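Asks: the amino acid sequence is not available; the structure is as follows:
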């Protein structure tokens, strides 16, 4: 029976994480679950979102043989990482989270994320108010990215309205706390400057996933045919 790596996200951000995983593990079989029907996750209540995610994961685990779960949603990782690890204690789960460190915060840094991620992520709460960290939360920006179909005019308006206030903050780094935002780096630079350096955790998680599977002796070194299944409901 085919074994899969499951990437779980609320929308198109999961595609970016999938691409990073394929760079280091091209022979693996993947399932990308993008929950577009319940997107956005960033403004849902804790209890509603937790119940939704657990029930969906349980259905996916019953339907497919999954050897590793990658949570590509920063909101999920920030709200109930501990609860998922406890509920699925027999499973290997990795979490994409905002890439923050003292080294990055040596220069003025702006973190962009959903409102839930900013409110509940422990690392953000640890660093805010101490280092050169500025925060900007968004509610439905992820949905607009998913639905823009190449027309980013509304997205540009939102970014100009929300980010212009940081122009005089001498921002050097931007931490992308939502995987969806990887698709609007150019639009962000148009507001805050071309020399901005972006930090995002997907490539780190991809390398960690490879090491995890190597330690489990479950990595596919060669494959005559690798498979990727795309799902938006189950």
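Replies: Thanks, I have the structure now. These numbers were taken from a predicted model, which means no experiment stands behind them. Numbers count the residues shown, from 1 in each chain.
Asks: tally of neighbours for residue 136?
Replies: Counted with other CB atoms under 10 Å, residues neighbouring residue 136 total 18. C-betas here are computed from N, CA, C, even on glycine.
Asks: one more: residue 212?
Replies: Neighbours of residue 212 (other CB under 10 Å): 19.
Asks: name the helix or strand for it, please.
Replies: Using DSSP states H and E, residue 212 maps to helix 202-215.
Asks: repeat for residue 110
Replies: Taking DSSP H and E as the criterion, residue 110 maps to strand 109-114.
Asks: so residue 83 makes contact with residue 49?
Replies: No - look at residue 83 against residue 49 with CB atoms under 8 Å: they stay out of range, at 10.8 Å.
Asks: quick revisit: what's the strand holding residue 110 packed up against?
Replies: Helices and strands touching strand 109-114, by 3 or more CB pairs under 8 Å, 6 or more residues apart in numbering; DSSP states H and E, are helix 74-87, strand 133-138, strand 173-176.
Asks: name every strand pairing with the last one and say which way it goes.
Replies: Sheet pairing here is set by DSSP bridges, and for strand 173-176 it gives strand 109-114 (parallel), strand 197-199 (parallel).
Asks: deepest-packed of those strands, please.
Replies: Mean neighbour count (mean count of other CB atoms under 10 Å) peaks for strand 109-114 among those, with a mean of 25.
Asks: what does that one contact?
Replies: 40-43, 74-75, 98, 100, 118, 121, 124, 131-139, 142, 163, 166, 169, 171-178, 181, 188, 192 (CB atoms under 8 Å, 6 or more residues apart in numbering).
Asks: drop anything exposed from those residues.
Replies: Buried residues within the contacts of strand 109-114, defined by neighbour count using 16 or more other CB atoms under 10 Å: 40-43, 74-75, 98, 100, 118, 121, 124, 131-133, 135-138, 142, 163, 166, 171-178, 181, 188, 192.
Asks: and residue 95, its phi and psi?
Replies: Main-chain dihedrals, residue 95, degrees, to the nearest 10: phi -130, psi 130.
Asks: hang on, the earlier thing: make JSON lines from the strands paired with strand 173-176 and add mean pLDDT and distance to residue 154 to it.
Replies: Compiled in JSON lines, the strands paired with strand 173-176 are given as follows (pLDDT from 0 to 100; distance: least, CB to CB, whole Å):
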{"stretch": "strand 109-114", "mean pLDDT": "96", "distance to residue 154": "17"}
{"stretch": "strand 197-199", "mean pLDDT": "97", "distance to residue 154": "22"}
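Asks: closest to residue 9 out of these?
Replies: Of all the strands paired with strand 173-176, it is strand 109-114 that lies closest to residue 9, at 12.3 Å by CB to CB.
Asks: give me the pLDDT for the residue lying closest to residue 190 once chain neighbours are set aside.
Replies: Ranked by CB to CB, 6 or more residues apart in numbering and with sequence neighbours excluded, the top spatial neighbour of residue 190 is residue 156, at 7.4 Å. You'll see residue 156 listed with a pLDDT of 95.
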